[in-house]
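A.B. asks: sequence and predicted structure below; questions after.
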Amino acid sequence: MQSMEFPLVLFTVLSQAAIGLTLMRAVRTTSGGEEAAGRTEWLLIAGLMVAGLLGSLFHLGHPLSAPMALTHLGTAWLSREVLFAGLFMGVAALAVVAGNVAGKPALAWLGTALGLGVILSAGMTYAPPALPALNNALPAAFFLTSAVLLGAGFGSWFADEGLRPLMVRIFTGAVVVGLVLYLVAPCVWLSGGEVMRMTGQAWLASGFYWAHLGVLAVALAVAWKTRDIPAWLPVLVLIGELVGRAGFFADTVHTAANMGGLY
């Protein structure tokens with residue numbers, strides 16, 4: 001892609017944090033916790049989603065024409081991403097406004113299903129043939145891992161004592177999966193075609209990449225040592241995911257970068 005695309009960094013990471021929080025809320029309420037409460041958590045979910053959506057508008061040349069993205073639902077994954085994101089935002093807004101339903105598992109599971117639609121659509125949107133390294137399931141895997149990691153991290157703010165260990169286990173598992181994915185992917189790309197190899201080299205030479213891995217390593221060490229998620233740790237992980245996503249956009253090489261070169 002060769003461009004940091006800061007509006008898309010904000011949208012993808014913040015929306016995935018909101019989706020992950022919704023998933024963790026669904027898991028906790030289904031496990032028998034916090035049935036009667038939840039409006040504060042839904043406020044955070046809605047706030048993250050609104051911030052992400054507002055940020056994404058700066059990516060558009062004509063922000064007022066954003067609704068036109070829905071006109072190609074039958075052929076464009078981007079249109080489906082916009083649709084799912086709008087529906088997810090509607091569920092979050094409903095939970096905030098109608099506080100008496102905020103603690104219902106059904107609402108959280110509906111939001112989770114729509115959120116997974118956002119992640120799948122985004123994964124397909126950023127997996128075009130022109131990006132050989134990402135023309136596969138990796139974008140969706142990266143995005144889902146971010147959602148679970150951020151969701152469990154921020155979800156620990158709202159989990160009661162009986163369910164905090166569950167959040168810690170999910171958080172730790174997501175960190176391990178993230179480390180494996182991000183360590184293995186560039187190494188595999190090095191054995192691919194010319195543009196894929198260029199992507200692997202760009203990632204391994206990128207400060208974004210190593211800073212992201214460093215944050216994940218710190219998160220794993222802290223969670224392992226404390227058997228908990230300190231209140232500050234999700235904020236650090238959020239910063240790390242923003243940095244890593246900047247590298248995702250800036251360091252992935254497009255086929256046009258080697259136009260005229262030998263493959």
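C.D. replies: Right, received. Where do you want to start?
A.B. asks: nearest residue to Gly244 in space, please, no chain neighbours.
C.D. replies: Counting by Cβ to Cβ, 6 or more residues apart in numbering, His212 is the residue found nearest to Gly244 once chain neighbours are left out, at 3.2 Å. C-beta here means a position set from N, CA and C on the backbone, and glycine is covered the same way.
A.B. asks: what do you get for Ala202?
C.D. replies: Asp251 is the one closest to Ala202 (Cβ to Cβ, 6+ apart), at 4.3 Å.
A.B. asks: got a list of what the one you found touches?
C.D. replies: 199, 202-203, 206, 208-209 (Cβ atoms under 8 Å, 6 or more residues apart in numbering).
A.B. asks: one more time with 6 Å, if that's ok
C.D. replies: 202-203, 206 (Cβ atoms under 6 Å, 6 or more residues apart in numbering).
A.B. asks: could the residues you listed go into TSV alongside secondary structure, pLDDT and neighbour count?
C.D. replies: Shown next, in TSV, are the contacts of Asp251 (DSSP: H, G, I helix; E, B strand; the rest coil; pLDDT from 0 to 100; neighbours: other Cβ atoms under 10 Å):
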residue	secondary structure	pLDDT	neighbour count
Ala202	helix	96	21
Trp203	helix	97	25
Ser206	coil	96	19
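A.B. asks: okay if I get those residues as CSV plus distance to Arg28?
C.D. replies: Output for the contacts of Asp251, formatted as CSV (distance: Cβ to Cβ, whole Å):
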residue, distance to Arg28
Ala202, 39
Trp203, 35
Ser206, 36
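A.B. asks: closest one of these to Trp109?
C.D. replies: Within the contacts of Asp251, the smallest distance to Trp109 is 35.6 Å, found for Trp203 (Cβ to Cβ).
A.B. asks: residues near Ala127, how many?
C.D. replies: Counted with other Cβ atoms under 10 Å, the neighbours of Ala127 add up to 17.
A.B. asks: phi and psi next, for it.
C.D. replies: Dihedral angles of Ala127 (phi, psi; degrees, to the nearest 10) stand at phi -130, psi 50.
A.B. asks: I figured it was touching Leu138, is that so?
C.D. replies: No. Ala127 is beyond contact range of Leu138, at 7.4 Å (criterion: Cβ atoms under 6 Å).
A.B. asks: which residues of the stretch 1-150 of the chain score low on pLDDT?
C.D. replies: Scanning the stretch 1-150 of the chain for pLDDT under 70 picks out the ranges 1-4, 32-37, 58-75, 99-103.
A.B. asks: now the helices for it?
C.D. replies: 6-30, 39-57, 77-97, 105-125, 138-155 (DSSP state H, counting those that start in this stretch).
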